[in-house]
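> output the structure for:
(chains A and B)
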Amino acid sequence: MKTFLRVILILAVLGVVGLLAFIFVPVQRTAAVAQLPADYKAPAGSGEYAMRAGDCMACHTAEGGKPFAGGRPIHSPMGTIWATNITPDKETGIGNYTLDDFRAALYDGVRNDGAHLYPAMPYENYRKLTEEDIRALYQYFMTEVPAVSNKVEETALSFPFNQRWGIRAWNWLALGKPGFEPVSQDEQFNRGAYLVQGAGHCAACHSPRNLLMAQDGTDESSAAFLTGGEIDGYTAPDLRGPQSAPQKWSTEELAAYLTTARNAHSTATGEMMLVVRDSLQYMTPEDNLAIATYLKKIGSTGGSTAPATPSAAPEKAEVTDTEKMLTEAKADMPLGPRLYLDNCGGCHFVNGKGAAEIFPELDGNSLVTAKSSKGLLDVMLHGAELPSTKDRPMRVRMQGYNDRLNDEEAAALATFLRQAWHNDAPPVTAEDVKAVRR
Amino acid sequence: MRDVPGLPSRRSFLKASAASAAVVGVVMQAKAETPSAPPPIEEYQPVCLKPTEWAFVMAATARLIPSEGEGPGAIEARVPVFIDKELAGGFGEAADWYMEGPHDAAAHPFRGWQSPLTPLQIYQQGIPVFDAWCQQTHGKIFAELDAATQDKALTSLQKDEMKIKPELRDFFTILLQNTKEGYFADPMYGGNHGMQAWKYIGFPGARGSYKEWVLKHNVAYPLGPVSISGERA
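Below you'll find the predicted structure:
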């Protein structure tokens, strides 16, 4: 009996020591994946380019705030995470960060004081950055970004999420190998893969999360990678399935969408609109084509260049029942299609095809048929606006119908849209609508 | 014809009530949250018109677009409400017109608006002048005359038989114009109540989605109108 108690005691002590070690022993930081000379100078402009590719601005600049001075709330299921000041200000920013500190933040999600960053910072993805890009980014943030003194609200999640040391265990399970290893002979494919998996951190939204809330796959070797996720209640669509937009569009159409937020079929809304506005429009045409090429190749169709559906074919297509009903416009038609004619048909037309680069197709539109109806309802009620991009400067705008549709009407219209033409998505309720109104 | 001078006849009132009931009924079917129906026009509290001015506008518009005969009249369409709101707003105070002098009110009409008065002031000054003329010529102010005499008086006003002063010469013109506007404008401005005027002439409203109908000749368009605020009929 005594021996048994002694064993228990020893085990308990070992457990406590282990826990303390787990909490207090500093995290081993990942070293550079390539050895560059100490006086290495990143090519002019490459730092800003890498920043655009990583869309650092999206989170680290507050609405109406100074660039990179932080203070933007990031809503997560665990609570609000406040984006930090990443200007080179020594007191409130990252002015005291060494290159190794900086790399550790991007690779390991660790601050220079050793505390763990919340994975709202997509270090799962930034971990793939090359040492050249790390250097370029470091140089950019230290010498090109003006220092801004801005003390950002401290993120205060509730227990247990306020115990940042717990992320250490999460990191063991979630983080893959640092750096990027090309898997193809095709340089364009590899470049696309690097941008998508690394800086672009597409998987942060477009991959589902596993049970640990980690991205379910950070490269194409995982079947779930980029097959659709969720952000703030909105659906980030699947990019790989046979009915997904990238697989139905041509590579060029996909690249045009990335560069200009619009193409022959659709327009970017919500978070993706912001990604194009702040990040993708600054990519070179070659890089956006590389991203498109990569996404097409990893799709279920394997990147066959012919579109999976003849949506780009001349308009000899069959006339759907929906189109017939809308064309006849009978006085006793149901409320949903009647509201479509009253509100939407002028631009999106009875065939739901809209007009290239102006009015998105609603037939087969991933936003319309998304698992969560929040995105569709948000656009219907509050409208949408395309960003002005270099190649397509026009801010095409759709008005919101918040005042024109009551909850039941908006639900009837959204339900109609989700089941019209070739669409087949579950109905929407008035409660869904109420939740989206602001 | 009229039970109470200045107010619509009982017949037209009943017709109007029946019409609005029918309209509201239709809207209720399609709209779950029906905005509460406006108070009867007799209970409407004018925003800027004084009681005598309101009585005149009620009586005059009721003769310009009468309730008898085909289609809704100005009263059923709540045209006076539209005029009151319009005069209380930017139009009434000529907010975006050039109103600095010099004014030459007697200038040729081809030279446009020459009066120093705003449309609201023209109503405010024109109505007493016209009422005084009616009193003198027909023995009662306009609102208290019978319909036939009202028609005669309005014709006299249009032909300017009373030689109204030049500053007020556009009185009849804007009265007629505002009546038509109130009849056909979108219901959001207070008139064209229940889109009755649009339904009457077959105008399908603010839909803008008729591409399929361009080449369909002599086929009646099946759907009723829709208003800017999304009202359906």
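> give me the number of residues near residue B:123?
Using other Cβ atoms under 10 Å in any protein chain shown, residue B:123 has 25 other residues around it. From N, CA and C alone the C-beta is placed, and that goes for glycine too.
> got a pLDDT number for it?
On pLDDT, residue B:123 comes in at 98.
> the helix or strand harbouring it: how far from the chain's middle?
Assigned by DSSP states H and E, residue B:123 belongs to helix B:119-138. Computed by Cα atoms, centre = their mean, to the nearest Å, the chain-centroid distance of helix B:119-138 equals 18 Å.
> let's verify residue B:73: helix, strand, or coil?
The assignment at residue B:73 comes out as coil when based on DSSP: H, G, I helix; E, B strand; the rest coil.
> that one contacts residue B:63, correct?
No. Counting by Cβ atoms under 8 Å, residue B:73 stays clear of residue B:63, with 9.4 Å between them.
> more neighbours, the two?
Taking neighbours as other Cβ under 10 Å, residue B:73 and residue B:63 compare with residue B:73 leading, 25 against 19.
> for the spatially closest residue to the more buried one that is not a sequence neighbour, grab the count of nearby residues.
The shortest distance from residue B:73 to any non-neighbouring residue, by Cβ to Cβ, 6 or more residues apart in numbering or on different chains, is to residue B:67 (3.1 Å). For residue B:67, the neighbour count with other Cβ under 10 Å is 21.
> and what of residue B:107?
Residue B:107 has 13 neighbours, counted by other Cβ under 10 Å.
> and for residue B:197?
Using other Cβ under 10 Å: residue B:197 sits among 26 other residues.
> cool, residue A:331 as well?
9.
> so what's the residue nearest the centre of chain A closest to, chain neighbours aside?
Central residue check for chain A by Cα atoms, centre = their mean: the C-alpha nearest the mean position is that of residue A:205, 3.8 Å away. Among residues not flanking residue A:205 along the chain, residue A:236 sits closest, at 3.9 Å (Cβ to Cβ, 6+ apart).
> the residue nearest to the centre of chain A: what secondary structure?
helix.
> ok, it - contacts?
A:229, A:230, A:231, A:236, A:271 (Cβ atoms under 8 Å, 6 or more residues apart in numbering or on different chains).
> the third one touches residue A:271, doesn't it?
When you say that, I think you mean residue A:231. Yes. The criterion here is Cβ under 8 Å, and residue A:231 meets it with residue A:271 at 5.8 Å.
> which of the two has more neighbours?
Using other Cβ under 10 Å, the more surrounded residue of residue A:231 and residue A:271 is residue A:231, with 17 against 14.
> quick one: contacts for the more buried one?
Counted by Cβ under 8 Å, 6+ apart, residue A:231 has contacts A:205, A:271.
> give me the pLDDT for it.
In this model, residue A:231 carries a pLDDT of 88.
> repeat for residue A:307
Note on residue A:307: pLDDT of 50.
> residue A:23 now?
With respect to pLDDT, residue A:23 has a value of 79.
> would you say it is within a helix?
Yes. The assignment for residue A:23 by three-state DSSP puts it in a helix.
> could you find the closest non-adjacent residue to it?
Excluding its sequence neighbours, the residue lying closest to residue A:23 (Cβ to Cβ, 6+ apart) is residue A:165, at 4.5 Å.
> now swap in residue A:245 and tell me
residue A:366 (5.4 Å).
> wait, the one you found sits on residue A:239?
No. Judged on Cβ under 8 Å, residue A:366 makes no contact with residue A:239 at a distance of 9.3 Å.
> what touches both of those two?
Residues touching both residue A:366 and residue A:239 (Cβ under 8 Å, 6+ apart) are residue A:245.
> which residues are in contact with residue B:201?
If you count contacts by Cβ under 8 Å, 6+ apart, residue B:201 has them with residue B:71.
> would you list the phi and psi of it?
Main-chain dihedrals, residue B:201, degrees, to the nearest 10: phi -90, psi 0.
> which residues touch residue A:381?
A:400, A:401, A:402, A:405, A:410, A:433, A:436, A:437.
> just the pLDDT for the last one.
It stands for residue A:437. In this model, residue A:437 is scored at 95, pLDDT.
> please tell me how far it sits from chain B.
13 Å (Cβ to the nearest Cβ, to the nearest Å).
> returning to that earlier point: Serialize the contacts of residue A:205 to JSON lines and add fields for secondary structure.
Formatted as JSON lines, these follow (three-state DSSP):
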{"residue": "A:229", "secondary structure": "strand"}
{"residue": "A:230", "secondary structure": "strand"}
{"residue": "A:231", "secondary structure": "strand"}
{"residue": "A:236", "secondary structure": "strand"}
{"residue": "A:271", "secondary structure": "helix"}
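> give me the number of residues near the residue nearest to residue A:245?
For residue A:366, using other Cβ under 10 Å, the count is 21.
> hmm, back to that, and the residue nearest to residue A:205, what does it touch?
Residue A:236 neighbours (Cβ under 8 Å, 6+ apart): A:205, A:206, A:228, A:229, A:230, A:271, A:272.
> out of those, which one has the weakest pLDDT?
Comparing the contacts of residue A:236 by pLDDT, residue A:230 comes last, at 90.
> nearest residue to that residue other than its sequence neighbours?
With Cβ to Cβ, 6+ apart as the criterion, residue A:230 has its nearest non-adjacent residue at 6.4 Å, and that residue is residue A:236.
> identify the bridge partners of the one you found.
Taking DSSP bridges as the rule, residue A:236 bridges to residue A:229.
> the residue in the stretch 201-350 of chain A that chain B sits nearest to and residue A:70, how far apart?
Residue of the stretch 201-350 of chain A nearest chain B, by Cβ to the nearest Cβ: residue A:345 (3.4 Å). The gap separating residue A:345 from residue A:70 is 45 Å, by Cβ to Cβ, to the nearest Å.
> now the nearest residue to residue A:78 once chain neighbours are set aside: which helix or strand?
Of all residues not flanking residue A:78 in the chain, residue A:161 sits nearest, at 4.3 Å (Cβ to Cβ, 6+ apart). For residue A:161, there is no host helix or strand (DSSP H and E).
> I'd like the next helix or strand past the lowest-mean-pLDDT helix or strand in chain B.
When each helix and strand of chain B is scored by mean pLDDT, DSSP states H and E, helix B:10-30 comes last, with a mean of 42. Of the helices and strands lying after helix B:10-30 in sequence (DSSP H and E), the nearest is helix B:51-64.
> name the residues of that following helix that are buried.
The neighbour-count check on helix B:51-64 (16 or more other Cβ atoms under 10 Å in any protein chain shown) flags B:53, B:54, B:55, B:56, B:57, B:58, B:59, B:60, B:61, B:62, B:63, B:64 as buried.
> got it, and stretch A:31-50?
Neighbour-count burial for stretch A:31-50, counted by 16+ other Cβ under 10 Å, picks out A:32, A:33, A:42, A:46, A:47, A:48, A:49, A:50.
> which element is the closest residue to residue A:131 other than its chain neighbours on?
Closest residue in space to residue A:131, ignoring its immediate chain neighbours: residue A:34 at 4.1 Å, by Cβ to Cβ, 6+ apart. Under DSSP H and E, no helix or strand contains residue A:34.
> I'd say residue A:34 and residue A:132 touch.
Yes. Residue A:34 is in contact with residue A:132 according to Cβ under 8 Å; the separation is 7.4 Å.
> which elements pack onto the lowest-mean-pLDDT helix or strand in chain A?
When each helix and strand of chain A is scored by mean pLDDT, DSSP H and E, helix A:2-24 comes last, with a mean of 82. Packing contacts for helix A:2-24, counted by 3 or more Cβ pairs under 8 Å, 6 or more residues apart in numbering or on different chains; DSSP states H and E, involve no helix or strand.
> with just CA atoms, put that helix into CSV.
The C-alpha trace of helix A:2-24 is given here as CSV (Å, rounded to 0.1, in the frame of the first residue of the first chain):
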residue,chain,number,x,y,z
LYS,A,2,2.8,2.4,0.9
THR,A,3,4.6,1.6,-2.3
PHE,A,4,1.5,2.2,-4.2
LEU,A,5,1.0,5.7,-2.6
ARG,A,6,4.6,6.5,-3.3
VAL,A,7,4.2,5.6,-7.0
ILE,A,8,1.1,7.8,-7.1
LEU,A,9,3.0,10.7,-5.5
ILE,A,10,6.0,10.3,-7.9
LEU,A,11,3.6,10.2,-10.8
ALA,A,12,1.8,13.3,-9.6
VAL,A,13,5.1,15.2,-9.1
LEU,A,14,6.3,14.2,-12.5
GLY,A,15,2.9,15.3,-13.9
VAL,A,16,3.2,18.7,-12.3
VAL,A,17,6.8,19.1,-13.4
GLY,A,18,5.8,18.1,-16.9
LEU,A,19,2.9,20.6,-16.9
LEU,A,20,5.2,23.4,-15.6
ALA,A,21,7.7,22.5,-18.3
PHE,A,22,5.0,22.5,-20.9
ILE,A,23,3.9,25.9,-19.8
PHE,A,24,7.2,27.6,-19.0
